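**Q** Structure for this input, please:
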Amino acid sequence: YLGMYYFHAGRYPLGFQNMDKALELEPDNPDFCFNMVQNYLIFGPTVEKQRGWSPKRVYKEAMKLSRRAIKNAPADYQLLEDYAVNFLAAERFGVKANWKEAAEAWQAAREHASGNEKLFFTWLNEGRAWRNMDRTKDARNCFEKALEIIPGSEVAKRLLDELDDAA
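**A** Below you'll find the predicted structure:
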């Protein structure tokens, strides 16, 4: 956690030093993996400079750690959701998002979602992933499932309307 403090204080070399040590000591600690992923994705340009990595490598390393986190805490909704959300960052790093894996990640998160809001969120975002792959039938199914949970959702209605307009 000292590494996180240094990151938030803008002392990146010390942040990396401490977080790298934490991951060296406990490479499978889901919290340590999660924290490093957040730093990679939030402070991308700083990571590039400190590590000497390309933007693509920063993203790929972040996703590798994100996968490690869910592998070691497969029932942790927050980690599963974070992994699924991280696909949205791909383009910022010059990487083509793997929308099929993103859809599967939302499905895995849904298995551990508690409450209608989280269930709604997983259906909605799985639908967005399918839409990005032009799998309209799958996207429509997900948006309709989201509307079953929150019938008045303007977002889900708009996404369905956009599918109809594109057809």
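**Q** Show the contacting residues for L80.
**A** Contacts here follow C-beta atoms under 8 Å, 6 or more residues apart in numbering; on that basis L80 touches I70, P74, A105, A108, A109, H112. For every residue, glycine as well, the C-beta is placed using N, CA and C.
**Q** Can you list which of those residues are found in helices?
**A** I70, A105, A108, A109 (DSSP state H).
**Q** Could you find the closest non-adjacent residue to the third one?
**A** Using C-beta to C-beta, 6 or more residues apart in numbering and skipping residues adjacent in sequence, the residue nearest A108 is L80, 5.4 Å away.
**Q** pLDDT score for that neighbour?
**A** Looking at L80, its pLDDT stands at 98.
**Q** host element of it?
**A** helix 77-86 (DSSP states H and E).
**Q** Could you tell me which residues within that helix count as buried?
**A** For helix 77-86, the neighbour count (16 or more other C-beta atoms under 10 Å) marks Y77, L79, L80, E81, D82, Y83, A84, V85, N86 as buried.
**Q** likewise stretch 125-142?
**A** 125-132, 135, 138-140, 142.
**Q** now swap in stretch 147-167 and tell me
**A** For stretch 147-167, a neighbour-count test (16+ other C-beta under 10 Å) marks L147, I149, I150, S153, A156, L159, L160, L163 as buried.
**Q** and what of stretch 96-105?
**A** A97, W99, A102, A103, A105.
**Q** would you turn these into TSV with pLDDT, distance to L2 and secondary structure?
**A** Converted to TSV, the buried residues of stretch 96-105 look like this (pLDDT from 0 to 100; distance: C-beta to C-beta, whole Å; DSSP: H, G, I helix; E, B strand; the rest coil):
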residue	pLDDT	distance to L2	secondary structure
A97	96	33	coil
W99	98	37	helix
A102	98	33	helix
A103	98	37	helix
A105	98	30	helix
